[in-house]
Structure formats: C-alpha cells, structure tokens
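Trainee: How does the following fold in three dimensions:
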Amino acid sequence: MLAMPEPYSALTSDALASAESSCTTSPANSAMNSPHLTPTANVTPASSINAVDENPIIQFTKGSLAMPDGTLKVADLWVDPTTGRILNPQQTFYASRGRPTHVIDLQGHILSPGLIDIQLNGAFGVDFSEFNGDEAAYEAGLRTVAGKLVETGVTSFLPTIISHETTLYPQVLPLLRQRSFPKSANILGWHAEGPFISPSKHGCHSPNVLVSAPKSFQSVDEILGAVVTSTADNVGVKLLTLAPEVDGMLESIPELVKHGVTVSLGHSTSTSAIAVAAVLSGATLITHLFNAMPQLHHREPGIIGLLGITPVLDATDIVKLRQATMARFRPQDEQLQRLLAQNELPFLRPYYGIIADGIHCHPSALSMAYSSHPGGCVLVTDAMSMLDPDQPDGQYEWDGRKVDKSGQRLTLQGTDTLAGSVVTMPTCVRNLVKFASISLAQALVCATSNAAKSLGPEVAARKGHLSAGADADLVVLDKDSSEVLATWVAGIEVWRADRGL
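Mentor: Reported below is the predicted structural model:
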C-alpha cells in the first residue's frame, strides 16, 4: 500500500525571492526574474517545450486549484514533464535550485486534477465488449477512445465489459491492462460489469449470458481467466460488478479482494442484510446507484440503503444480520461468520457510481444521494459507442440488437430500457452542481479524488489530486462556463480548445 503524498503547498514569488537571498549572495542569482513575471529568456511559454530542454519545470500560475476538500485555492502548481509528476516547489528549489523554465498563465481559470471515468463501455464508435479475435484492431479501438477522451478532460478511465459469453473474458481482459498511449488518457485496468448479476435486473445486458458461481471463487476464476489472480505490475485495476445474492458470489468476495479485485455491487435484487454482508466481506463500491436495483423502500432499502448505514453496527444490528444471512453461510464464509460473532463492528459505507445525465436518475434522487454520502459519490458516464458529437440521433446496431438514440437518451428498440448513455464527464460535473446545489469544486471531487479512492489506495496515491508526487494529469476549466480549455497527461499538454488559454 502506497502512502499518500504530503499536500501541495505553493511557493510564492515573494517566498522564492526571500529563499534566494537567504541561500546565496550571488548577484547573478539575486537578479533572476520571478517565475510569476512575464516569460523572459530564462522563463518561456510551455508551448515551446521540446526534447532538448534540460530539467524543464512548468509553472501554472494566476489561477485556482481544485482541491480534494471541495474548495478552490489560489496558488501556483509546479510540474516536471520529464517524470510526469507534480513537484513540491520548496523542496525543488532548496534541493536543486530548481526554478520554472516554462509558465502557463491560467488567466483566472480553474486547474483541476484530470477527470476519471470508472465505467465507460465505449465511445466514438468503439465498443469495448466487441472482439472478433483481432488484437491489433481491438487495440486500435482503445487508442481511438483514449485519444479522443482527453477532449472531454478525462485523463484516466476503465474500459468496461458488459455481460457476455464466457469465452470473451480470457481473450479481452488481458488486453485491458494498465497502459498509456501518446497524447491520450490512461487506461487504468478493466471493469467487468457482469456476468455474475441478477437475471431479474439485467437491464440492457443479455439474460442469456448471465451465470452464477456454484464453486464460488473457483467459478469466477475459471470464467474471467488468469487476470483475476495475476500479480503482474501492468495488470492495473481489476473491478468486478456482481450481485451478491447470486449463488456463490457473496462467498467469493473475500477471495476476490485478496487477489486485488475491487468488488462493486450492482444489477442486483439484494436485500439490505445481504448488501451489508457483502460490504463486510470486502465490497467497496456500488455500480450506477438507483439503476438495475430495487427502488428504495423504507422497510427494505436494499443496496441503496447502504448509504445510510451507521459507522458502527451494534450487537442488535449484528444479531439481525446474522439471522438474515444464516441460510447463506458456506464453509468459505469463515471471515463473515467470524465478523458476525462480534458484539460491535465498524462499517465503512461504500463508494457509489452515479450517472448524472438527468435521465438515469431524477435530479432530486441524485441530490438525496449526494447529501446522504458526499464522500462516496463517484460520477460515471456509463457511455456507449454512440458517444460521439458526430453521431446523429437514430437507430444503431449494438450487441446484436438495435438501440434508439434520442438526444442523450439511449434505449433498446421498442422498450424504455436504458442502454447506457452518451453523456460526457464535464456534463455530469455541471449537472451535479445544478442538481445537488453544490459548487463546481465540490462536484469535481466526485470526478477526481473520490473516483481515484474508489479504486484503491495505489490509484488514490497518484491520481485525483494536486499533491506533490502525484501524476500531473490535469484539466483546465473555464472559470465561468466550466468548459474544458486544455488537458494535460503526465505533465504534457495533449489537447487544447480553440478558445483555450
């Protein structure tokens, strides 16, 4: 487990000048220009960075930084494009006399960590669940999506595979390893949404391909393939959406977590008791809250009720939970049985993905969820291959079926069943601001810091915040409209709007 880096602290031009005068008496050094001033021969615009620059340092100045506590901080940010990391200005200056060589004037706009989408089924004509055996063609599709996503401010994402024939997973999941392409968003790993989900809550997933796990974790391992237990460094995030009430799945959760899989609850008819047991067993996330699960009921809140669980379960809670789950116990449930033998249990509410397109859930439902558990809110697009500004409304082929596209609404032909979305992450951020009556900085947390933390401590240590040592994945947002003006990945500008900085 990686330790979180120390929070970024700005080294102002006054502090830098003071440090210089106290550290050296060299007339040449004392006459150096402040990095906050208009670029000179020693401080040049970032657009001029090239391969011959030695020890380049980029300084973002005259803007506001989006912080993980949901505030905006007027400060500068230093970035090393060679390592692709955010720098600690004081440490950089005192240790090596490092100073900015390139300056970006933010003109009062907002500098945010790059946006992260943990549920993306496809985009720009590419469907991650389609594979014809041609690995080169599949990778070309990944490159297309990763290259275009940066135009929406997304710098990291999880390609998502919906429920499919079991032969697909061993072929495709290894191709969705953690990696990066030039001038593109980072692929963090994979998200398998199914096939271990409830037949009665399959949504747009084909019910014909859904399976259970009669041998618990062994069944999961056999179906998904070697990537589940792989410990290779480049595997990256492994995220599995499952229904805990499906045979064998509750019992599989501890073993999945042991092998580094992030477990998310979704497409499920789970009772509240089974959902709580799943979290106690290691599940840490809910897939697209409110969708593909029973509606909230005051006497049986189901998965949605996890947002209201108290931080500590007392003896009475545990007795009720034990009674409600007794029939599910198997020999593999030793961990859960041991937990339920205690008189008091801490309970960490899970993160929850939510699609803020105004279609998948009513604005007031989204506001209610955010108010209940703001620290767990993770914006997702659940976008499909039809996400493309050049794709007009109409009918499209998808997964052997037809999908109707009307504005931002996608439905299976002849039904009102939603089939993913065509919403972008910046639109979700703006909608959350409006629906939950919160600030832009607060909404950005749900597309950056919370998203990174929902994927585990290793991702959270380097993504989703502007701390020293974190990856320099950044997006510049218009201070008035919150439109994306520019996107940076690993300290390199990869896209800039025509009306950008």
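Trainee: give me the low-pLDDT residue ranges for the stretch 1-150 of the chain?
Mentor: Where the stretch 1-150 of the chain drops to pLDDT under 70, the residues are 1-53.
Trainee: Please enumerate the helices of it.
Mentor: For the stretch 1-150 of the chain, applying DSSP state H, counting those that start in this stretch gives helices covering 13-23, 27-30, 89-96, 135-149.
Trainee: in the third one, what's buried?
Mentor: Meaning helix 89-96. 89-90, 92-93 (16 or more other C-beta atoms under 10 Å). C-betas here are computed from N, CA, C, even on glycine.
Trainee: Could you dump those residues into JSON lines with distance to D393 added?
Mentor: What follows is those, written out as JSON lines (distance: C-beta to C-beta, whole Å):
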{"residue": "P89", "distance to D393": "49"}
{"residue": "Q90", "distance to D393": "54"}
{"residue": "T92", "distance to D393": "51"}
{"residue": "F93", "distance to D393": "55"}
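Trainee: Just name the closest of the residues you listed to V423, please.
Mentor: P89 (37.1 Å; C-beta to C-beta).
Trainee: In this structure that closest one contacts W78, no?
Mentor: Yes - counting by C-beta atoms under 8 Å, P89 touches W78, with 4.9 Å between them.
Trainee: The residue lying closest to E165 once chain neighbours are set aside: what's it in contact with?
Mentor: Excluding its sequence neighbours, the residue lying closest to E165 (C-beta to C-beta, 6 or more residues apart in numbering) is V209, at 5.5 Å. With contact set as C-beta atoms under 8 Å, 6 or more residues apart in numbering, V209 has these partners: 163-166, 194-195.
Trainee: pLDDT at V209, what is it?
Mentor: For V209, the pLDDT comes out at 97.
Trainee: Could you do the one 3 residues further on as well?
Mentor: At S212, the predicted lDDT confidence score is 97.
Trainee: To what extent is it buried, counted in neighbours?
Mentor: The local packing of S212 (other C-beta atoms under 10 Å) involves 15 other residues.
Trainee: Any idea how many residues pack against the nearest residue to it once chain neighbours are set aside?
Mentor: Closest residue to S212 apart from its sequence neighbours, by C-beta to C-beta, 6+ apart: D247 at 4.0 Å. Other residues within reach of D247, judged by other C-beta under 10 Å, total 16.
Trainee: ok so, going back, make CSV from the contacts of V209 and add distance to P311 and secondary structure to it.
Mentor: Converted to CSV, those look like this (distance: C-beta to C-beta, whole Å; DSSP: H, G, I helix; E, B strand; the rest coil):
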residue, distance to P311, secondary structure
S163, 34, coil
H164, 38, coil
E165, 42, coil
T166, 39, coil
G194, 31, coil
P195, 34, coil
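Trainee: Can you say which of the residues you listed are buried?
Mentor: Listed as buried from those are 163-164, 194-195; burial here means 16+ other C-beta under 10 Å.
Trainee: Tell me which two of those residues sit farthest apart.
Mentor: The span of these, defined through C-beta to C-beta, is set by H164 and G194 at 7.6 Å.
Trainee: Where is the longest strand in this protein?
Mentor: Ordering each strand of the chain by length in residues (DSSP state E) puts strand 154-162 first.
Trainee: Output that strand as CSV, nothing but the C-alphas.
Mentor: Output of strand 154-162 as CSV, limited to C-alpha atoms (Å, rounded to 0.1, in the frame of the first residue of the first chain):
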residue,chain,number,x,y,z
VAL,A,154,-10.8,12.7,-18.9
THR,A,155,-7.2,11.6,-18.3
SER,A,156,-7.9,8.1,-16.9
PHE,A,157,-10.6,5.5,-17.4
LEU,A,158,-11.6,1.9,-17.0
PRO,A,159,-12.8,0.2,-20.2
THR,A,160,-15.9,-1.7,-19.2
ILE,A,161,-17.1,-5.0,-20.5
ILE,A,162,-20.8,-5.8,-20.1
